[in-house]
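Asks: quick one: sequence plus predicted model below, questions after.
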Amino acid sequence: MEQVDSWDEFYRTNRRAWRGVTDISELGIEPESDVLEVGCGNGKTLAALKSIGCNVIGVDFSEEAVVSCRQLIPGVDVRQGDILGLKFGDSSFDSVVLFHVLEHVLPEDLPKAVSEIRRVLRKGGRAFIRSFSLGDMRSEKGERIAEDMVIRGNGIRYRYYTEDVIREAFSGCEFELLHKVDEPTRFGTVRSRIEAIVRF
């Protein structure tokens, strides 16, 4: 099954895959700024960006995610698209938000994804990144297809990052933030992610 088919099936059967609204209060994204959210899913972060007055556009790989997002957030501008070929002009945005997106990009495609982020950002623009990291409780679940990548039972591919891999992918950029966050769960496991703010 192709990745897009797996994602469409996921959103077709999980219209409210992630509930609530993402806390973006500490990111420093300015109201009325132009923001692109790549991998907007069903709109958890898109809703937060819209609520603070950003001029926000959402893009998702899955058409079913786009349908879901439009249903849950009336009036939102959300489009089907791919991080490897963003359909926007150069220097269109002040910020690009990528929460749990890069882990679905193949290693060989990561330079193209970074290039597209760079292209659509204005000079001095920032990319906000969250991505699962090695050591996450889910990093050992699924069919291993590379040292840091698995395909889970739902057919969706996940790559688990380190700070060094993110630093290398965005070499030449200024890091305002780059760290690993570990969150223990009540089951004795740990959720781990890399958080980064990159200025271009």
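Replies: That came through, no problem.

Asks: how many residues are close by Ala127?
Replies: Ala127 has 24 neighbouring residues, counting by other C-beta atoms under 10 Å. Heads up, the C-betas are built off the backbone N, CA and C, glycines and all.

Asks: what helix or strand is it on?
Replies: According to DSSP states H and E, Ala127 maps onto strand 121-132.

Asks: ok, then the element right after that strand?
Replies: strand 143-146.

Asks: just to revisit the earlier point, other SSEs contacting the strand holding Ala127?
Replies: Contacts defined by 3 or more C-beta pairs under 8 Å, 6 or more residues apart in numbering; DSSP states H and E place strand 121-132 against strand 93-99, strand 157-159, strand 190-199.

Asks: go again using 6 Å as the cut-off
Replies: strand 93-99, strand 190-199 (3 or more C-beta pairs under 6 Å, 6 or more residues apart in numbering; DSSP states H and E).

Asks: so where is the protein shaky, pLDDT-wise?
Replies: Where the chain drops to pLDDT under 70, the residues are 1, 15-21.

Asks: what about the helix or strand that contains Ile117, distance to the chain center?
Replies: Assessed by DSSP H and E, Ile117 sits inside helix 110-120. Distance, stretch centre to chain centre, for helix 110-120: 13 Å (C-alpha atoms, centre = their mean, to the nearest Å).

Asks: what's that helix in contact with?
Replies: Ile83, Leu84, Leu86, Phe88, Asp90, Ser92, Phe93, Val96, Val105, Ala127, Ala169, Phe200 (C-beta atoms under 6 Å, 6 or more residues apart in numbering).
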